[in-house]
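S.K.: sharing a sequence plus its predicted fold:
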Amino acid sequence: MVSYSALALLADAASNLIPANLLVVLIISKSIAAFELFLPLALYITLLMGLGKLYSEQEISALHASGMSVFGLVKTLMPLIVSIVILTAIVAIFVRPWAYELRYNAKYQAQQTYDFDHLEEGYFYENKDSGQVYFATSIDKESDIKNDIFVYQPDGDSVQIVYADKGYHLEQEENHASVMVFLDGTAHRLQSNSADTLVSFNQFTVFPKTKELAPQSFKRKAASTYYLANSTDRYEIAEFQWRVTSALKAFFLAIIAILLAKTSPRQGRYGKLILGVLFFFVVHAGSLIMKTWLEQGALSLMPGMWSIVIGLIMFTAFLTRRYS
């Protein structure tokens, strides 16, 4: 997951403008949040594969012959299951919101600290917060002079567009702020009242404009579980139910994995693995769909996402009857 997150983030050209420390936070926080899915999935596959091997090698048959039923097997594995379920609950209720808050803060800081001194040639870079767009056809690696540079910069009711043969960054001595110096080009200022301006220049300097940063908007995925528990908003109720049902789904999926793992010697140790993994992701996809329905009002608040848990309980009871 860390590798996937890193590759997906680094594939974005704008990631070159994000400081390395914020990139690390974005990658790690995304991976931590994913543990809510990885822990139940790891437990589920472990039970399917481990018990499938024991069934294929007749070890379970030997246990049954010595008097251990499938329910005794469940009892033996219960400490492992309960440990992972408790860990899943901690991740879903406490760790995942913290990871999302960390991620949102890092993304917010990254948008405010884009370092356009590290532009790469041939890519359009956009600062989504300020609306600025940069492009350079080629860059001299030694002097860091950018050739055929284009800059689009919104400014209130007007837009400034600069195109120059060359451009480079220059640090001011008094405040160490970085300014952009353009050589041999044109600058357009397009006004909403049609009073447009066009100038040609030999040298043109653009000074950074300091402005108060807009505060971050509320993110329910980063909100505390206690806050969501007292909310009346459908979206926040859906997020709360998703968190509190995660551990219960992990528990019943683990029991189902034990009951599904029964295979004949001819099936081999992986006889039920594909079917079992498919069932897991059907449950996960169903949870996502129900969460969306709950947010959109197509599903009542009660039972809401508890419907998935009820369905798993019923399926567990159905499989249990086969062994009774």
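M.R.: All right, it came through fine.

S.K.: contacts, neighbours, all on C-alpha from now
M.R.: OK.

S.K.: hmm, Tyr44 and Leu253 touching each other?
M.R.: Yes: contact criterion Cα atoms under 8 Å: Leu253 and Tyr44 qualify, at 6.7 Å.

S.K.: please identify the buried residues of the helix or strand harbouring Ile27?
M.R.: Here Ile27 sits within helix 20-56, counting by DSSP states H and E. Using 16 or more other Cα atoms under 10 Å as the burial criterion, the residues of helix 20-56 that qualify are 22-23, 25-36, 39-41, 43-49, 51-56.

S.K.: toward the C-terminus, what is the element adjacent to it?
M.R.: Sequence order places helix 59-65 as the next helix or strand after helix 20-56, per DSSP H and E.

S.K.: give me the next element, helix or strand, following that next one.
M.R.: Sequence order places helix 70-90 as the next helix or strand after helix 59-65, per DSSP H and E.

S.K.: for that following helix, list the C-alpha coordinates in CSV.
M.R.: These are the backbone C-alpha positions of helix 70-90, laid out as CSV (Å, rounded to 0.1, in the frame of the first residue of the first chain):
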residue,chain,number,x,y,z
VAL,A,70,-16.0,-27.0,14.1
PHE,A,71,-17.2,-25.0,17.1
GLY,A,72,-14.2,-26.1,19.1
LEU,A,73,-12.1,-24.9,16.2
VAL,A,74,-13.9,-21.5,16.4
LYS,A,75,-13.2,-21.4,20.1
THR,A,76,-9.5,-22.2,19.6
LEU,A,77,-9.2,-19.4,17.0
MET,A,78,-11.3,-16.9,19.0
PRO,A,79,-8.3,-15.1,20.8
LEU,A,80,-6.8,-14.3,17.4
ILE,A,81,-10.1,-13.2,16.0
VAL,A,82,-11.0,-11.0,19.0
SER,A,83,-7.5,-9.4,18.9
ILE,A,84,-7.8,-8.4,15.3
VAL,A,85,-11.4,-7.2,15.7
ILE,A,86,-10.4,-5.0,18.7
LEU,A,87,-7.5,-3.6,16.6
THR,A,88,-9.8,-3.0,13.7
ALA,A,89,-12.2,-1.1,16.0
ILE,A,90,-9.4,1.1,17.3
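
S.K.: that one packs against which elements?
M.R.: Applying 3 or more Cα pairs under 8 Å, 6 or more residues apart in numbering; DSSP states H and E, we find helix 70-90 packed against helix 20-56, helix 234-260.

S.K.: ok, and what's touching it?
M.R.: Applying Cα atoms under 8 Å, 6 or more residues apart in numbering, the contact partners of helix 70-90 are 35-36, 39-40, 43, 64, 243-244, 246-248, 250-251, 254-255, 258-259, 323.
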